[in-house]
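**Q** just to be clear, the model below is a prediction. Sequence and coordinates:
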Amino acid sequence: MKADEVKWNRRYASGNYPTEPNEAIRSHFELAKRGRALDIAAGNGRNSIFLAEQGFSVEAADISGTGLELIRESRPDIELIQTDLDFYRIRKNRYDLIVNINFLQRRLFPQIKTGLKINGILIFQTFMEPELTGGKSPKGKKDRYLATNELLHSFIALQVVLYEEKDVVFSNGEILKTATLVARKNFR
């Protein structure tokens with residue numbers, strides 16, 4: 001088993017994870033046609049389950065078999081894809097909606113664009129680089145965080161519906177900056 005798989009299996013086995021669907025998804029899923037949806041880094045399925053309840057045919061991709069089993073227990077109709085997202089390939093022109101929450105793998109950016117059907121919707125939210133003394137990220141962690149406007153620039157070819165960067169306060173009191181993008185693919 002890979003280190004990431006072990007780490008996330010432990011987290012989902014511990015019960016220490018959010019259970020409510022992401023606010024950006026709740027606020028913008030209706031922009032998408034009720035067709036096929038892909039949840040990248042689905043975790044325990046909080047967003048996959050919500051989208052299935054809204055009428056989407058959902059594919060949930062994650063490295064954690066424990067997280068995916070939680071999805072299966074709630075919604076056996078969701079297609080589960082246990083995969084290392086560092087190597088995952090998104091199928092072209094397949095999805096009416098792609099969601100990517102709290103996960104960053106820049107290699108997937110071009111695949112996300114080609115994976116959307118015409119008029120497909122992307123809802124993407126993840127963490128931005130922490131503001132530390134001297135403007136440096138924690139050693140070896142820079143690839144896990146977005147720079148200012150990076151998400152916007154990476155998907156500028158899409159029709160941007162919403163883009164914002166803001167501080168989010170978590171239940172443990174921690175404050176992190178996130179970038180949120182909602183966009184529509186209006187080209188082939």
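**A** Okay, I see it.
**Q** surely residue 183 is within a helix?
**A** No. The assignment for residue 183 is strand, going by DSSP: H, G, I helix; E, B strand; the rest coil, so no helix is present there.
**Q** what sits closest to it if chain neighbours are left out?
**A** Once flanking residues are discounted, residue 183 sits nearest to residue 158: 3.7 Å by Cβ to Cβ, 6 or more residues apart in numbering. (C-beta placed from N, C-alpha, C; glycine too.)
**Q** so for stretch 69-82, mean pLDDT?
**A** When the per-residue pLDDT values of stretch 69-82 are averaged, the result is 96.
**Q** can you give me the strands for this protein?
**A** Using DSSP state E, the strands of the chain run over residues 36-40, 57-62, 79-82, 95-101, 116-127, 159-169, 175-184.
**Q** how about these in CSV, adding distance to residue 69 and mean neighbour count?
**A** Converted to CSV, the strands of the chain look like this (distance: least, Cβ to Cβ, whole Å; neighbours: other Cβ atoms under 10 Å):
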stretch, distance to residue 69, mean neighbour count
strand 36-40, 15, 26
strand 57-62, 11, 24
strand 79-82, 8, 16
strand 95-101, 20, 25
strand 116-127, 24, 21
strand 159-169, 28, 13
strand 175-184, 28, 19
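**Q** nearest approach to residue 49 belongs to which of those?
**A** Counting by Cβ to Cβ, residue 49 lies closest to strand 57-62 out of these; the figure is 8.2 Å.
**Q** using PDB, list the CA coordinates for the closest one.
**A** Only the C-alpha atoms of strand 57-62 are listed here, as PDB (Å, rounded to 0.1, in the frame of the first residue of the first chain):
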ATOM      1  CA  SER A  57     -24.800   9.600 -12.300                       C
ATOM      2  CA  VAL A  58     -21.600   9.900 -10.200                       C
ATOM      3  CA  GLU A  59     -18.100   8.500 -10.500                       C
ATOM      4  CA  ALA A  60     -16.100   8.900  -7.300                       C
ATOM      5  CA  ALA A  61     -12.300   8.700  -7.600                       C
ATOM      6  CA  ASP A  62     -10.000   8.400  -4.600                       C
END
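**Q** just how off-centre is it within its chain?
**A** Average the C-alpha atoms of strand 57-62, do the same for its chain, and the two points are 11 Å apart (Cα atoms, centre = their mean, to the nearest Å).
**Q** so what touches it?
**A** When contacts are taken as Cβ atoms under 8 Å, 6 or more residues apart in numbering, the neighbours of strand 57-62 outside the stretch itself are 8, 35-43, 45, 48, 51-52, 68, 71, 75, 78-83, 85, 88.
**Q** hey, where'd the helices end up in this protein?
**A** For the chain, applying DSSP state H gives helices covering 3-14, 23-28, 46-53, 65-74, 109-115, 150-154.
**Q** sorry, back to before: put together JSON lines for the strands of the chain, with distance to residue 108 on each row.
**A** Formatted as JSON lines, the entries for the strands of the chain read as follows, by distance: least, Cβ to Cβ, whole Å:
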{"stretch": "strand 36-40", "distance to residue 108": "7"}
{"stretch": "strand 57-62", "distance to residue 108": "10"}
{"stretch": "strand 79-82", "distance to residue 108": "13"}
{"stretch": "strand 95-101", "distance to residue 108": "8"}
{"stretch": "strand 116-127", "distance to residue 108": "10"}
{"stretch": "strand 159-169", "distance to residue 108": "19"}
{"stretch": "strand 175-184", "distance to residue 108": "14"}
